[in-house]
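>>> Attaching a predicted model along with its sequence, questions to come.
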Amino acid sequence: MKLRVGLIGLGEAWETRHRPALRALQDRYEVRAICEQVAHRAEQAAREFNATSVDGFRAVTCREDVDAILILNEQWFGALPILAACDAGKAIYCASSLQLGPEDAKHLRSRVEESGVAFMAEFPRRQAPATLRLKELIATRLGEPRLLFCHRRVPVRDPAAPRGKSVSRGNDHRDLIELVDWCRYVVGKEPTSVLGILHESATEASDSDYKMMSLDFSGENGPGSGVVAQISSGYYMPSCWEEAVSYRPPAALQVACANGVAFIDLPSTLVWFDRAGRHQESLESERPVGEQLLSQFYRSVTSLLRNSSGLEDAYRAVSIVQAAVASHRDGCRITL
């Protein structure tokens, strides 16, 4: 059985993750319609997949020959395509960031739950070969995590550079949402409190060039008695400084466990240490993350059991990031 899908927005990961995955999974997916605000990209993708380029996300969600919606970039639509898919009873794969306030996030979760459709939020770090192997090592060799350090350095567009030649400033919380979910997944439990810090950009008053949060997974014994995760995302290096951007990048994730320590660089680099010394594993032969994610979505849609666990994960990660922003504003740790 092929799942007939409509694409809304193609996004930055189209060429590297979504397009190759859809090509590799042609026995499971059939692209029928594509909506993209850049008409040239929509027409090009439509020709490749023998699909139809459509104007407007509602035209995609209302098509009778579409079973599921893949939202690969929110563009200017925001959460509207998700609500339209709920109204049309179409399954939803959401790879885009959603800039929602607390009440809007609650409303969106309620609408998806009430519609009864399958929903999956794309968290590629969970399915990366290095992450899956790390979970195995935690269960067998390394023991329970104690400290996590999760850092990302994001090159930003230089105001003096021509448009389209560099990456625009990351003024949303997508990076932090994904990193929060990553740490929750690795630890295997929910944080109990969060402390957030934002550093305002010297050049753009409405933006931040550094965002950091400390997640505490402590239980009854209070803050600091359990696992602590430090998450940060920096937007302070112009992308035109190519040598500086690539100089000594921090590990994407460092995990100090009861019996050792591990370092991850996505998607497939894992180096870990225990009493026996250094271990480096080659995970290049694993199936690409994009294929794993879309295969998981296919199973959730075609299964007789409704699967919306990704909805709760996405809502939880968004809520934690919002609490971190409130923590910075109020100058105190927020209990979750």
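That came through fine. Predicted, not measured: the structure shown is a model, and the values here were computed from it. Residues are numbered from 1 along each chain as shown.
>>> Tell me where the stretch 101-250 of the chain has helices.
102-115, 124-127, 129-137, 174-187, 242-245 (DSSP state H, counting those that start in this stretch).
>>> List the contacts of the last one.
Just to be clear, that refers to helix 242-245. Applying C-beta atoms under 8 Å, 6 or more residues apart in numbering, the external contacts of helix 242-245 come out as Arg153, Pro155, Met237, Ser239. Placement of C-beta: from N, CA and C, glycine included.
>>> ok, of these, which come out buried?
Among these, those scoring as buried are Arg153, Pro155, Met237, Ser239 (criterion: 16 or more other C-beta atoms under 10 Å).
>>> possible to save these as a markdown table with distance to Val186 and pLDDT?
As requested, the buried ones among the contacts of helix 242-245 are arranged in a markdown table below (distance: C-beta to C-beta, whole Å; pLDDT from 0 to 100):
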| residue | distance to Val186 | pLDDT |
| --- | --- | --- |
| Arg153 | 20 | 78 |
| Pro155 | 26 | 77 |
| Met237 | 27 | 80 |
| Ser239 | 29 | 77 |
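>>> Tell me who's in contact with Phe57.
Phe57 touches Ile8, Cys35, Phe77, Leu80, Pro81, Ala84, counting by C-beta under 8 Å, 6+ apart.
>>> How about Met213?
176, 180, 194-197, 230-232, 320-321, 324, 327.
>>> Can you add neighbour count, pLDDT and distance to Tyr247 and give those back as CSV?
CSV is the format used below for the contacts of Met213 (neighbours: other C-beta atoms under 10 Å; pLDDT from 0 to 100; distance: C-beta to C-beta, whole Å):
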residue, neighbour count, pLDDT, distance to Tyr247
Leu176, 26, 86, 23
Val180, 27, 94, 27
Val194, 25, 95, 30
Leu195, 19, 95, 29
Gly196, 25, 93, 27
Ile197, 15, 91, 24
Gln230, 16, 96, 21
Ile231, 27, 95, 22
Ser232, 19, 91, 17
Ile320, 25, 93, 31
Val321, 25, 91, 28
Ala324, 26, 93, 28
Ser327, 20, 94, 31
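>>> Out of these, which sit inside strands?
Cross-referencing those against strands under DSSP state E gives Val194, Leu195, Gly196, Ile197, Gln230, Ile231, Ser232.
>>> now the fourth one: how far from Arg329?
If I follow you right, that is Ile197. 11 Å (C-beta to C-beta, to the nearest Å).
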